[in-house]
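Enquirer: build me a structure from this.
(chains A and B)
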Amino acid sequence: MTAFLARRLAEIIPTLLLVSVIIFLLQQLLPGDPATVMAGEDRDPEVIAHIRQQYRLDRPLPVQYGYWIKGVLTGDLGESMRLKEPVAKLVAQKFPVTLQLALMAIVISLGIGISAGVVSAVYKNTAIDYAVNLFGLWGISTPNFWLGILLITLFSVHLGWLPASGYVSPFEDFWLSLKTTIMPAFVLGNSFAAVLMRHTRSAMLQAMAADYVRTARAKGLSERVVVLKHAMRNALTPVVTLGALELGTLLSGAVLTEQVFSIPGFGKLMVDSVFNRDYAVVQGVTLVTATMYILLNLLADVAYVLLNPRLRG
Amino acid sequence: MPTLDPISAQALDDRRDTPARRAWARLSRRKSAMAGLVVVIALILIAILAPLIAPFDPAKQTYTAVRKAPSVLHWFGTDESGRDLFSRVVFGARASLLAGLVSIAIALGFGMPIGLLSAYRGGWVDAVISRFTDAMLAVPFLILAIALAAFLGPSLSNAMIAIGVTSMPIFIRLTRGQVMGAKVEDYVEAARAVGNPAYRIAFRHILPNILPALLVQATLSIAMAIIAEASLSFLGLGQQPPAPSWGSMLNTAQRFLTQAPWMAIYPGAAIFITVLSFNLLGDGLRDALDPKER
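Expert: Modelled structure (predicted):
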């Protein structure tokens, strides 16, 4: 296990470095002189000169990258031009909000996706299976910002049950926090639930046809025990890894969901920064998201090995 | 009247029984895939014939008809500037389909040759390309597309470039994997043995054999690209007003949910139907073309 972990960690370091190169090079895409573009409306030569000096834009590209990555490695992601605060501080402030949303979305999607997938496999080729498959197609084909708008129209505008926007921390008021986040979390988890459902269904169908399930049935075990204890336990192992690969979609989805529900997480921070030409923040949020995604995939790999005794040796 | 002897008829049947025909036969047996195909064709026709189908100019503002509910005159109602929503949804199909097709053409057009090169040359070329592909895949798709679109500047063409570049690693990896598998097949060995140059083996022998897998991925990626374009336009990074786009229409609709909920229903439904159709078609193509999935 230690050797596996060491090998995987060694693999992700060059990937992370290359990700940082790609994200750093984004600023080269700015049309014209980056310092002038970054200054936005402010065409004061002093401001432009300050930006050029701050980002060392007058130095060769590899040198600029060297300074940037040195800062990143020491936790310095640059400074927000708009908010005049360190990007790392802004990300740290917004991160708990997005984390709460993502965790709630994962719980919702695991609950819906896995149970729907199991039910669909157990009742294969019945009306229930078709209905669950329709839900799967709905989930992967619905843009989550549209689903968010539809739910706001129903639950906030017409029924008045839930607030349409805003965020309250669970440490301030738990129930109000739940009320403000349940709808966005459902929207965020919707497509993830559909993907999980599809993976679970296909893994369960394979497991249900396996010899050990036939043996369990031959022993006279009840169908409930066969499905829940024998088939499901084995079927869920590949779902963990496949599910983790979709976590990137969840992180991407947070950008749109936070925008629709005006939730001050780091997805909204990114969008606000895009419109305020606050490029250091855009780069910082992209880098942090990519790093989180890579680490989540590593965690999924570790979980996969831990869940599968044959891979532990 | 001349008739074919049974042996010649059999030979003719065999010649007609091409892999493409077999795949079509399998595809046409799947009702959901055929439904997807019909809707996709209908949407393409709607996009092409938009000026003939739309009853109004999609950009024409009528201040006496602001936020009118759906009626016989305005089937989908009107928006905050009195523009006919049905006409805007019809013209919006152009932006969505164009973005889906162009961005995936970019991804496929660059991704396929790079993947081919990576698998065929091997060595350090393969190592460098593979590491870059891994790095690009390590950034969540939409986050990278938003970042790219942000730096390129908001416009439909930049959104298409951003989505195309972001989708490219999938095609590089898929092509590389497929070519690696095909390289050791007997027909490639045979082509090499008779002295075919590498580029000819790659383009004449390997490429036709890996096209089905690429076609399946392209169809499913178009669905993803359409959602991505709608997402970028929703955020204001895609099609710019007053040109109609389903994503930007939803962005505007958000401000009028109490007064004009219909503004949010139809553009979203259009995205849903389009993406669903490409997903159904892609799933069907995968079953019909990809032997591993059968």
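Enquirer: check whether the helix or strand where residue B:179 lies comes near chain A.
Expert: Element membership for residue B:179, per DSSP states H and E: helix B:156-183. No. Judged by Cβ under 8 Å from any Cβ of the partner chain, helix B:156-183 and chain A are separated, with a smallest distance of 9.3 Å. In short, each C-beta sits where N, CA and C put it, glycine included.
Enquirer: packing partners for that helix?
Expert: helix B:85-121, helix B:123-137, helix B:141-152, helix B:207-234 (3 or more Cβ pairs under 8 Å, 6 or more residues apart in numbering or on different chains; DSSP states H and E).
Enquirer: in TSV: these, plus mean neighbour count.
Expert: Compiled in TSV, those are given as follows (neighbours: other Cβ atoms under 10 Å in any protein chain shown):
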stretch	mean neighbour count
helix B:85-121	22
helix B:123-137	16
helix B:141-152	25
helix B:207-234	24
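Enquirer: mind checking which of these is nearest residue B:59?
Expert: Of all those, helix B:85-121 sits nearest to residue B:59, with 8.4 Å by Cβ to Cβ.
Enquirer: quick check: mean pLDDT across the closest one?
Expert: Helix B:85-121 carries an average pLDDT of 94.
Enquirer: which stretches of chain A have low pLDDT?
Expert: Applying pLDDT under 70 to chain A flags residues A:41-42, A:242, A:245, A:309-313.
Enquirer: what about the helix holding residue B:179, distance to the chain center?
Expert: 12 Å (Cα atoms, centre = their mean, to the nearest Å).
Enquirer: go on, stretch A:264-278?
Expert: Distance, centroid of stretch A:264-278 to centroid of chain: 16 Å (Cα atoms, centre = their mean).
Enquirer: quick check: buried residues in it?
Expert: Neighbour counts over stretch A:264-278 (16 or more other Cβ atoms under 10 Å in any protein chain shown) mark A:265, A:266, A:267, A:268, A:269, A:270, A:271, A:273, A:274, A:277, A:278 as buried.
Enquirer: touching chain B at all, that stretch?
Expert: Yes. Applying Cβ under 8 Å from any Cβ, one finds stretch A:264-278 touching chain B at A:270, A:271, A:274, A:275.
Enquirer: farthest-separated two in these?
Expert: Across these (Cβ to Cβ), the longest gap, 10.1 Å, separates A:270 and A:275.
Enquirer: contacts only, for residue 27.
Expert: Using chain A here. A:34, A:55, A:279, A:283, B:151 (Cβ atoms under 8 Å, 6 or more residues apart in numbering or on different chains).
Enquirer: please refer instead to chain B.
Expert: So residue B:27 contacts B:33, B:34, B:37, B:284, B:285, B:287, B:288 (Cβ under 8 Å, 6+ apart).
Enquirer: what pLDDT does the model give it?
Expert: 85.
Enquirer: any idea of the angle the helix holding residue B:179 forms with helix B:85-121?
Expert: 40 degrees (axes from the mean of the first three to the mean of the last three Cα atoms, to 10 degrees).
Enquirer: run the angle between the following helix or strand past helix B:156-183 and helix B:207-234 for me.
Expert: Next helix or strand after helix B:156-183 toward the C-terminus (DSSP H and E): helix B:186-193. Orientation of helix B:186-193 against helix B:207-234 (the same axes, to 10 degrees) gives an angle of 110 degrees.
Enquirer: list the buried residues for helix B:186-193?
Expert: Buried, per 16+ other Cβ under 10 Å, within helix B:186-193: B:188, B:191.
Enquirer: still on that earlier bit, make TSV out of the contacts of residue A:27 and add distance to residue B:55.
Expert: Converted to TSV, the contacts of residue A:27 look like this (distance: Cβ to Cβ, whole Å):
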residue	distance to residue B:55
A:34	47
A:55	52
A:279	44
A:283	46
B:151	40
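Enquirer: just the buried ones from those residues?
Expert: A:34, A:55, A:279, A:283, B:151.
Enquirer: OK, now which residue of the stretch 51-200 of chain A is nearest to chain B?
Expert: residue A:146 (3.4 Å; Cβ to the nearest Cβ).
Enquirer: report the secondary structure state of that residue.
Expert: helix (DSSP: H, G, I helix; E, B strand; the rest coil).
Enquirer: how about the contacts made by it?
Expert: Residue A:146 neighbours (Cβ under 8 Å, 6+ apart): B:250, B:264, B:268, B:271, B:272.
Enquirer: next: residue A:17.
Expert: Going by Cβ under 8 Å, 6+ apart, the list of residues near residue A:17 reads residue A:69.
Enquirer: list the contacts of stretch B:203-212.
Expert: B:23, B:112, B:116, B:175, B:178-179, B:182-183, B:185, B:187-188, B:191, B:196, B:285, B:289-290.
Enquirer: helix or strand for the residue nearest in space to the middle of chain A, which one?
Expert: For chain A, the residue sitting closest to the mean C-alpha position, by Cα atoms, centre = their mean, is residue A:251 at 2.2 Å. Using DSSP H and E, residue A:251 sits in helix A:247-260.
Enquirer: now that helix: how far from the chain's centre is it?
Expert: 7 Å.
Enquirer: what's the separation between residue A:251 and chain B?
Expert: Going from residue A:251 to chain B by Cβ to the nearest Cβ, to the nearest Å gives 5 Å.
Enquirer: now residue A:3
Expert: Residue A:3 is 21 Å from chain B, by Cβ to the nearest Cβ.
Enquirer: swap in residue A:35?
Expert: 14 Å.
Enquirer: surely that residue touches residue A:56?
Expert: No. If you go by Cβ atoms under 8 Å, residue A:35 and residue A:56 don't touch, sitting 10.6 Å apart.
Enquirer: between those two, point out the one with more neighbours.
Expert: Applying other Cβ atoms under 10 Å in any protein chain shown to residue A:35 and residue A:56 shows that residue A:35 carries more neighbours, namely 19 against 14.
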